[in-house]
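Trainee: predicted model, plus sequence, below.
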Amino acid sequence: MDTSDVTSTVGDLEAQNMKLKKSPPFSLERFHISEDYGFLLPDPLKELSDYYMPWMEIAYNLPVMIESHQLRVRVDVMPLLSCHLLKGHKEQYLAHLLLSSITMGYVWQEGENNIPKVLPRNLALPLVEVSRTLGLPPILVHSDLVLANWKKKDPDGPLEIRNLDTIVSLPGGESLKGFILVTLLVEKAAVPGIKALAQAINAVLQPSDDDLLQALKQLKTSIAEMTKALRQMHDYVDPAIFYAAIRIFLSGWKDNPAIPEGLIYEGVSEEPLKYSGGSAAQSTVFHAFDELLGVCHSKESTTFLHRMREYMPPSHRAFIEEVHSAPSLREYILSSGSCLLCEAYNQCVATLAELRSYHISIVAKYILTGAAKAKDGGLGHLPGPPQALAERGTGGTTVFCFLRSVRDTTLGRIIDPSD
Ligand code: HEM
């Protein structure tokens, strides 16, 4: 070997080392998380190929078909289609959104009366097939209703509520749209926080207190922006409509006294299957922030929250696991002895607890006040409020105990500087 070969090998190694140092070890890309949209599916597809027209014709007209009690009749004569012609993950996500929304309408068309025991095979088989491909359960989940269910009215316009619409709707009119789109804006407000989370982990792995401080400040601002986005719920969602019309269509068939045995998916299993309903407890954002900040909830809350992780896309679930297995941010800050880092960490924790407190006030308004208003007013054409869910969330937990416990455990992680 001549000396020029040796020089070039050493040069290559140095270049490689520089690259390794430059590219941070923890990246969002690996988990299919968008730098611009976070966990939202960027620019979801709005239509499938003509072969899938029978699904689209039903899914795009769900409110009318449900309100006129025609949906079950239409689904019963729907042809059995195969999922083999679905190309790529965007088509598969849209198919899951269409089929799971049809399923919610089919089950809850008559409210809590006359609930079917069986989901017919022409709906059950493709729903289960596409669910297996995506690693999602065969029911409507947060990633269907919110993450993959949006379009811009003006494609060049901003991601603001006035320029947004849903792809698939269920009963509840403008209030349902508001509920979905405000939740989407909370997810969007979390995007700088998700990037800050990655920066914080990298700043612990390749220690840099300056980077860490900056990341924590960005995280705190992003969580505060999420609370601001959540406030818009009041402007767009009517509590009586939420309570009486929307909630039931998000309900599942696990721990739900209205449908205690679960649901038979015809052609899939002879035994009834049980799945929780759609809930923003399935949003990856809160789980990831908890893991980063070292917030561990009570055993009971953790059981529910971890179950909700099974309702997330597998790559998002893997992201939470990766955050969990990263070196502890809290331990790093405690052992650094830095008052600045400690203060910045505490602000993140306090702001997350404030977001949770604000969420509790929203739940109180939409479930308690909504119940009172729905009783007074009545919404004639809709199936009526779900009795079995009166005291419980769509995911089936004793709501307020759970939510307060989760908020208080968050607050409990504040580091006392005198310790
Ligand atoms: C009208 C609006 C809302 C209502 C009535 C509501 C209701 C509920 C209920 C009943 C639960 C208990 C768990 C369950 O049974 O599913 C819950 C949990 C949760 N919700 Fe909401 N929610 C609303 C909006 C949102 C939004 C917009 C977000 C954020 C994207 C959100 C995030 C969460 C989270 C993360 C949990 C799990 C508990 C926690 O980590 O603090 N919710 N919600």
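Mentor: Everything's here; your move. Numbers count the residues shown, from 1 in each chain.
Trainee: switch to C-alpha atoms for all contacts and neighbour counts from now on
Mentor: OK.
Trainee: how about low-confidence regions in the stretch 251-400 of the chain?
Mentor: 374-397 (pLDDT under 70).
Trainee: mind listing the helices for it?
Mentor: For the stretch 251-400 of the chain, the helices defined by DSSP state H, counting those that start in this stretch cover 284-293, 299-309, 314-325, 329-336, 339-363, 370-377, 399-411.
Trainee: of all residues in the stretch 101-250 of the chain, which one is closest to the ligand?
Mentor: In the stretch 101-250 of the chain, the residue found nearest to the ligand is residue 183; the distance is 3.9 Å by C-alpha to the nearest ligand atom.
Trainee: tell me the contacts of that residue?
Mentor: 146, 230, 280 (C-alpha atoms under 8 Å, 6 or more residues apart in numbering).
Trainee: okay, which residue is most central for this protein?
Mentor: residue 283 (3.0 Å; C-alpha atoms, centre = their mean).
Trainee: tell me where this protein has strands.
Mentor: With DSSP state E as the definition, the chain shows strands at residue ranges 118-119, 151-152, 164-165, 264-265.
Trainee: the first one packs against which elements?
Mentor: For strand 118-119, the helices and strands in contact under the criterion 3 or more C-alpha pairs under 8 Å, 6 or more residues apart in numbering; DSSP states H and E are strand 264-265.
Trainee: cool, the last one as well?
Mentor: Counting contacts by 3+ C-alpha pairs under 8 Å, 6+ apart, strand 264-265 is packed against strand 118-119, helix 121-134.
Trainee: now these as CSV including mean pLDDT and mean neighbour count?
Mentor: Shown next, in CSV, are those (pLDDT from 0 to 100; neighbours: other C-alpha atoms under 10 Å):
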stretch, mean pLDDT, mean neighbour count
strand 118-119, 98, 18
helix 121-134, 98, 20
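Trainee: between these, which gets nearest to residue 370?
Mentor: Closest of the helices and strands packed on strand 264-265 to residue 370 is strand 118-119, at 30.2 Å (criterion: C-alpha to C-alpha).
Trainee: note down every partner strand of the closest one and its orientation.
Mentor: strand 264-265 (parallel) (DSSP bridges).
Trainee: what's in contact with the partner strand?
Mentor: So strand 264-265 is contacted by 117, 118, 119, 120, 121, 124, 125, 270, 271, 272, 273 (C-alpha under 8 Å, 6+ apart).
Trainee: rerun at 7 Å
Mentor: Contacts with strand 264-265, where a contact means C-alpha atoms under 7 Å, 6 or more residues apart in numbering, come from 117, 118, 119, 120, 121, 124, 270, 271, 272, 273.
Trainee: same check, this time on stretch 55-64
Mentor: With contacts defined as C-alpha under 7 Å, 6+ apart, stretch 55-64 is touched by 98, 101, 102, 168, 169, 170, 171.
Trainee: so which of those residues are in helices?
Mentor: Those of the contacts of stretch 55-64 mapping onto helices are 98, 101, 102, per DSSP state H.
Trainee: for stretch 80-100, buried residues please.
Mentor: 83, 86, 90-100 (16 or more other C-alpha atoms under 10 Å).
Trainee: let's have those in a markdown table, adding pLDDT.
Mentor: Listed next are the buried residues of stretch 80-100 as a markdown table, based on pLDDT from 0 to 100:
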| residue | pLDDT |
| --- | --- |
| 83 | 98 |
| 86 | 98 |
| 90 | 98 |
| 91 | 98 |
| 92 | 98 |
| 93 | 98 |
| 94 | 98 |
| 95 | 99 |
| 96 | 98 |
| 97 | 99 |
| 98 | 99 |
| 99 | 99 |
| 100 | 99 |
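Trainee: now distance to residue 207 too, for the residues you listed, in TSV please.
Mentor: Shown next, in TSV, are those (distance: C-alpha to C-alpha, whole Å):
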residue	distance to residue 207
83	48
86	45
90	38
91	42
92	41
93	39
94	42
95	44
96	42
97	42
98	46
99	47
100	45
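Trainee: save those residues as CSV, and put in distance to the ligand too.
Mentor: Formatted as CSV, the buried residues of stretch 80-100 follow (distance: C-alpha to the nearest ligand atom, whole Å):
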residue, distance to the ligand
83, 30
86, 29
90, 22
91, 24
92, 23
93, 19
94, 20
95, 23
96, 20
97, 18
98, 21
99, 21
100, 17
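Trainee: gap between residue 130 and residue 69?
Mentor: As for residue 130, its distance to residue 69 is 27 Å (criterion: C-alpha to C-alpha, to the nearest Å).
Trainee: now stretch 199-206 - C-alpha only, CSV.
Mentor: This file holds the C-alpha atoms of stretch 199-206, laid out as CSV (Å, rounded to 0.1, in the frame of the first residue of the first chain):
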residue,chain,number,x,y,z
GLN,A,199,-33.1,17.9,20.8
ALA,A,200,-33.3,17.3,24.5
ILE,A,201,-32.5,13.6,24.2
ASN,A,202,-29.5,14.4,21.9
ALA,A,203,-28.3,17.0,24.4
VAL,A,204,-28.2,14.4,27.1
LEU,A,205,-26.6,11.7,24.9
GLN,A,206,-23.9,14.1,23.5
